[in-house]
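Asks: I'd like to go over a predicted model; first the sequence, then the structure.
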Protein chains: 2
Amino acid sequence: MAELLKGKPVADRLANACAVRISALLDKGVQPRLAIVRIGDNPGDEWYANAATKELAAAGVDSFVIELEGRTPQDIVVHTLKNLSADDAVAGILLMRPLPAHFNKEKVENAIAPEKDVDGMCDVSLAKVFRGDSKASLPCTVKAVLHLLDFYHVELEGARVVVVGRSLTIGKPLVQALISRDATVTLAHSKTLNLSQLTREADIVVSCMGRAHALTGEFFSEKTVVIDVGTNEDKDGKMVGDVDFGAVEPLVQAITPVPGGVGAVTTASLLEAVVSAAEYLTIENS
Amino acid sequence: MAELLKGKPVADRLANACAVRISALLDKGVQPRLAIVRIGDNPGDEWYANAATKELAAAGVDSFVIELEGRTPQDIVVHTLKNLSADDAVAGILLMRPLPAHFNKEKVENAIAPEKDVDGMCDVSLAKVFRGDSKASLPCTVKAVLHLLDFYHVELEGARVVVVGRSLTIGKPLVQALISRDATVTLAHSKTLNLSQLTREADIVVSCMGRAHALTGEFFSEKTVVIDVGTNEDKDGKMVGDVDFGAVEPLVQAITPVPGGVGAVTTASLLEAVVSAAEYLTIENS
């Protein structure tokens, strides 16, 4: 029986730590506020935006959603993000991804002011992550993984970690963050040969490949800590991870459930990022 | 007996490819030119600047060195780099690193205009590398490693590569470049446990740790391709790599000599970067 690495206690601790900081901001007359920009009608985006809005509101943080049609021209999106960047009433900006395929991602993502970039997507944020800057704005999912590992005292220094999935939103920045924490990290992906051999030898496996139940029992050993970032729909429309939980859970040392694992910490990590951005804005404007 | 991966034929091929492009620029009345900025009197910097100047001149590319004292204030360095960035007669800027320890690296490196950043150090360059942009300006040593692997037909797709050393000038950007080429990459460093086990299992080992003869025979297998980026001085003042060449060469599949390996390709990679920058500048100004 594996240790179950549930997200809720991690999220609760994060929210508690934020509560003190939010009070201090409100006492100064500062209302922390997040703008969420959604393009097109991806149901997953809507679900996440609603969940985030609700959790932020419960913590005393405002948020509002700007919904743009999928056919909105890129210039309008850039203009919207620049306006939000210039608006003192907005502390943080979250642009939902993936963007429409015909957009120039780099151009759109760089319309977000670095100090409001709560999901770490503009060039300045990416460069800070790459430089190993401890103040870098990491994507919220990456922060969630780190918070989870820290909460459950999973040792990173010297640990052998395999990250499966090389996206710019999770895999790549996670590798940088883990390297800064002195882990020895392997980035694996769809072209990796003998993946199961690689993951079996790892102390920690983080999967962010986005393929339902792709990782079965043979991928792990009894010492593996399994962090499942995947949120996929199975054939019955149920949300499942990249890891076949039922088969893997009895075999490994520890594992995150899906749902209730990393995802449960992601919105709390977003809350934390908005609070940090609001604090920064307050100092800048004082 | 290992195959010897010499740098000279790689550099020669690169220089030949550049010659055609340089002729085309000169025909248009454009003189490609590199500004090299050195701070303090690191003898290694002087050696590299001289070697680069000579090789560039032989290819028809101008260069000049701006030498600043080690105690030069950061603002003066930033000012110098901004002036060079604005100067239409300068196509590329190479700032020698490491910078004095008290400098704000990020601030200084960002004073270089991205389109003139031939050694890939400003935020825009770093972000492009991180994004996996095929037009990203990689550090010249990283390009040299890739050119060398390509020249000798070392297959990267699906290959297991261990990079030893996590610097922002070599290890980290090299990992990104190799990931974009579909290799499965592990980044190892001073805190890595059981390094020799890790490297023995790799198809390709790239060492950029900067420790003379740190990697001995036990780190490799008969199938390993060894790329030695290290340029260290041994106790007799002789330039040696990170790999104990004498002990390792008889055991592995292929290996780069030091000197005469990666280093020999680095200045040719710099030449290529200056030519590309000059071509870009020509298009921008037309």
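Replies: Noted; the coordinates are in hand.
Asks: contacting residues for residue A:208?
Replies: When contacts are counted by C-beta atoms under 8 Å, 6 or more residues apart in numbering or on different chains, residue A:208 touches A:141, A:163, A:164, A:165, A:167, A:170, A:171, A:174, A:229, A:230, A:242. Backbone N, C-alpha and C define where each C-beta goes, glycine included.
Asks: got a markdown table for the residues you listed, with distance to residue B:107 too?
Replies: Below are those laid out as a markdown table (distance: C-beta to C-beta, whole Å):
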| residue | distance to residue B:107 |
| --- | --- |
| A:141 | 30 |
| A:163 | 31 |
| A:164 | 36 |
| A:165 | 33 |
| A:167 | 30 |
| A:170 | 29 |
| A:171 | 29 |
| A:174 | 27 |
| A:229 | 34 |
| A:230 | 39 |
| A:242 | 40 |
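Asks: Same list, those, but as a markdown table with distance to chain B and neighbour count please.
Replies: Shown next, in a markdown table, are these (distance: C-beta to the nearest C-beta, whole Å; neighbours: other C-beta atoms under 10 Å in any protein chain shown):
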| residue | distance to chain B | neighbour count |
| --- | --- | --- |
| A:141 | 16 | 24 |
| A:163 | 11 | 27 |
| A:164 | 10 | 29 |
| A:165 | 11 | 22 |
| A:167 | 10 | 18 |
| A:170 | 13 | 26 |
| A:171 | 9 | 22 |
| A:174 | 12 | 28 |
| A:229 | 18 | 29 |
| A:230 | 19 | 25 |
| A:242 | 17 | 26 |
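Asks: Buried residues in the lengthiest helix in chain A, which are they?
Replies: Counting by DSSP state H, the longest helix found in chain A is helix A:262-285. For helix A:262-285, burial by neighbour count (16 or more other C-beta atoms under 10 Å in any protein chain shown) applies to A:262-279, A:281-282.
Asks: Off-centre distance for it?
Replies: With C-alpha atoms, centre = their mean, to the nearest Å as the basis, helix A:262-285 stands 12 Å off its chain's centre.
Asks: which helices and strands sit right next to that helix?
Replies: Other helices and strands packing on helix A:262-285, by 3 or more C-beta pairs under 8 Å, 6 or more residues apart in numbering or on different chains; DSSP states H and E, are helix A:8-27, strand A:33-39, helix A:43-58, strand A:92-95, helix A:140-151.
Asks: Quick one: mean pLDDT for the second one?
Replies: In other words, strand A:33-39. Average pLDDT, strand A:33-39: 97.
Asks: residues contacting residue A:164?
Replies: Residue A:164 makes contact with A:171, A:188-189, A:192, A:195, A:199, A:205-209, A:215, A:242, according to C-beta under 8 Å, 6+ apart.
Asks: Next step: these restricted to helices.
Replies: Secondary structure assignment by DSSP H places A:171, A:195, A:199 of the contacts of residue A:164 in helices.
Asks: per-domain residue ranges of chain A.
Replies: Residue ranges for the domains of chain A, per automatic domain parsing: A:30-114, A:140-263.
Asks: Out of those, which one sits most buried?
Replies: Stretch with highest mean neighbour count among the domains of chain A: domain A:140-263 (a mean of 20; mean count of other C-beta atoms under 10 Å in any protein chain shown).
Asks: Tell me the gap between it and the middle of its chain.
Replies: Computed by C-alpha atoms, centre = their mean, the chain-centroid distance of domain A:140-263 equals 13 Å.
Asks: just stretch A:80-95 next, same as before
Replies: 20 Å.
Asks: next one: stretch A:23-35
Replies: Its chain's average C-alpha position is 23 Å from that of stretch A:23-35, according to C-alpha atoms, centre = their mean.
Asks: List of residues touching that stretch?
Replies: Under the criterion C-beta under 8 Å, 6+ apart, residues A:22, A:52, A:56, A:60-64, A:66, A:84, A:87, A:89-94, A:118, A:270, A:274-275, A:277-279, A:281-282 lie in contact with stretch A:23-35.
Asks: quick one: average pLDDT of stretch A:94-113?
Replies: For stretch A:94-113, the mean per-residue pLDDT is 95.
Asks: Residues contacting that stretch, please?
Replies: Contacts of stretch A:94-113 (C-beta under 8 Å, 6+ apart): A:34-40, A:42, A:45, A:48-49, A:52, A:70, A:74, A:77-79, A:81-82, A:84-86, A:93, A:118-119, A:121-123, A:169, A:270, B:127-128, B:131, B:133.
Asks: again with stretch A:121-140
Replies: Residues from elsewhere that reach stretch A:121-140 (C-beta under 8 Å, 6+ apart): A:95, A:97, A:106, A:109-110, A:112-114, A:117-120, A:146, A:168-170, A:173, A:176-177, A:179-180, A:266-267, A:269-270, A:273, B:105-106, B:123-124, B:126-131, B:168, B:172.
Asks: buried ones in that stretch?
Replies: For stretch A:121-140, the neighbour count (16+ other C-beta under 10 Å) marks A:121-131, A:136-140 as buried.
Asks: Which of those fall within helices?
Replies: Of those, the ones assigned to helices by DSSP H are A:123, A:124, A:125, A:126, A:127, A:128, A:129, A:130, A:131, A:140.
Asks: Residue A:187 versus the second one, what's the distance?
Replies: Same thing as residue A:124. Here the criterion is C-beta to C-beta, to the nearest Å. By it, residue A:124 lies 23 Å from residue A:187.
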